[in-house]
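J.: Sequence below, structure please.
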Amino acid sequence: MLRDRIGNSYRLRFKELPEEKKPREKLVKYGPDVLRISELVSIILNTGYRDENVLELSHRIIKEYGSRAIASEKNVERLMETLGIPLVKACQIVACFELGRRFFQEEPGKMPTIRGPEDVYVYLEDMRKLKKEQFRGLYLNARNKVIHDEVISIGTLTANLVHPREVFQPAIEYLACGVIVAHNHPSGDPDPSDDDLEITRKLSAVGKTMDIELLDHIIIGSKKYVSLKEKGIL
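T.: Residues are numbered from 1 along each chain as shown. Predicted coordinates for the structure are as follows:
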């Protein structure tokens, strides 16, 4: 947002940006390393949507969804609903990151190892400032390495909205030995609600019947976290 000579504010249109500030031109001149994630996404999207230019749209997408979460998102309809974007742009985003996964998948030895709740908090740092609640599942092998990371749901978390099948189906698919679930509190306060406790007990019970352990439920705040395992809920 800029101001004119008499103090009125106005939005700088994308066409008014200096050439050296436009993502595509920066990519050609300097290479991809100097571009922010939102600028790289804007090159994929190419155009804006409704009243947002492509840079504003890309910035909002990364800010609202989180860079790590959107990189692992495979559900086109969820992207459309959560971000208010059309089918074509949601497909572009999913296809872009899927290509990245297929061409440049990390070697097994480079997968993050989770030794405790603090490791989860560090790994999911992009969730600390999200404006909406996001429920994530981390799927671990026998050596406590993350073999899959999935966004399970987005929106106000209630016991009625979290289905055990959505949590444990990826565990079966990826042959996980254990599951850690995590979600954020946009208020910044990670103290568990009654729904958080009910969800944890329900998932723990289902996990025992399937012989897939629910290792922890981490609630992420803006500056700290709460581990329900450490609190004795699990």
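J.: okay, which residue is most central for this structure?
T.: When the chain is reduced to its mean C-alpha position, the nearest residue by Cα atoms, centre = their mean turns out to be residue 69, at 2.0 Å.
J.: got the CA positions of the host helix or strand of it in PDB?
T.: Assigning secondary structure by DSSP states H and E places residue 69 in helix 67-72. Coordinates of each C-alpha in helix 67-72 appear next as PDB, following Å, rounded to 0.1, in the frame of the first residue of the first chain:
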ATOM      1  CA  SER A  67       4.400 -23.300   3.200                       C
ATOM      2  CA  ARG A  68       5.000 -26.800   4.500                       C
ATOM      3  CA  ALA A  69       1.400 -27.700   4.500                       C
ATOM      4  CA  ILE A  70       0.600 -26.500   1.000                       C
ATOM      5  CA  ALA A  71       3.700 -28.400  -0.300                       C
ATOM      6  CA  SER A  72       2.200 -31.600   1.000                       C
END
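J.: Okay, buried residues for it please.
T.: Along helix 67-72, the positions that meet the burial threshold by neighbour count (16 or more other Cβ atoms under 10 Å) are 68, 69, 70, 71. Glycine gets a C-beta too; all of them are placed from N, C-alpha and C.
J.: What mean pLDDT does that helix get?
T.: Per-residue confidence for helix 67-72 averages out to 85 on the pLDDT scale.
J.: ok, and what's touching that helix?
T.: 37, 61-62, 79, 93, 97, 100, 124, 126-127, 134, 136, 149-151 (Cβ atoms under 8 Å, 6 or more residues apart in numbering).
J.: Please repeat the previous calculation with a cut-off of 10 Å.
T.: For helix 67-72, the external contacting residues (Cβ atoms under 10 Å, 6 or more residues apart in numbering) are 36-38, 41, 61-62, 64-66, 79, 82-83, 93-94, 96-98, 100-101, 123-127, 130, 134, 136, 148-151, 154.
J.: Next: stretch 193-212.
T.: Where contact means Cβ under 10 Å, 6+ apart, the residues beyond stretch 193-212 that reach it are 135, 137, 139, 156-165, 167-168, 171-172, 175-179, 181, 183, 185, 190, 192, 213-217, 219, 226, 228-229, 231, 233-234.
J.: Pull the CA coordinates from it and hand them back as PDB.
T.: Extracted as PDB, the C-alpha positions of stretch 193-212 are listed here (Å, rounded to 0.1, in the frame of the first residue of the first chain):
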ATOM      1  CA  SER A 193     -10.100 -27.700  25.000                       C
ATOM      2  CA  ASP A 194     -12.600 -30.400  26.000                       C
ATOM      3  CA  ASP A 195     -12.900 -31.300  22.300                       C
ATOM      4  CA  ASP A 196      -9.100 -31.600  22.000                       C
ATOM      5  CA  LEU A 197      -9.100 -34.100  24.900                       C
ATOM      6  CA  GLU A 198     -12.100 -36.100  23.500                       C
ATOM      7  CA  ILE A 199     -10.500 -36.300  20.100                       C
ATOM      8  CA  THR A 200      -7.200 -37.500  21.600                       C
ATOM      9  CA  ARG A 201      -8.900 -40.300  23.700                       C
ATOM     10  CA  LYS A 202     -11.000 -41.400  20.700                       C
ATOM     11  CA  LEU A 203      -8.000 -41.600  18.300                       C
ATOM     12  CA  SER A 204      -5.900 -43.400  21.000                       C
ATOM     13  CA  ALA A 205      -8.600 -46.000  21.400                       C
ATOM     14  CA  VAL A 206      -8.900 -46.600  17.700                       C
ATOM     15  CA  GLY A 207      -5.100 -46.800  17.300                       C
ATOM     16  CA  LYS A 208      -4.900 -49.600  19.900                       C
ATOM     17  CA  THR A 209      -7.500 -51.700  18.000                       C
ATOM     18  CA  MET A 210      -5.500 -51.200  14.800                       C
ATOM     19  CA  ASP A 211      -2.100 -51.800  16.500                       C
ATOM     20  CA  ILE A 212      -1.000 -48.400  15.300                       C
END
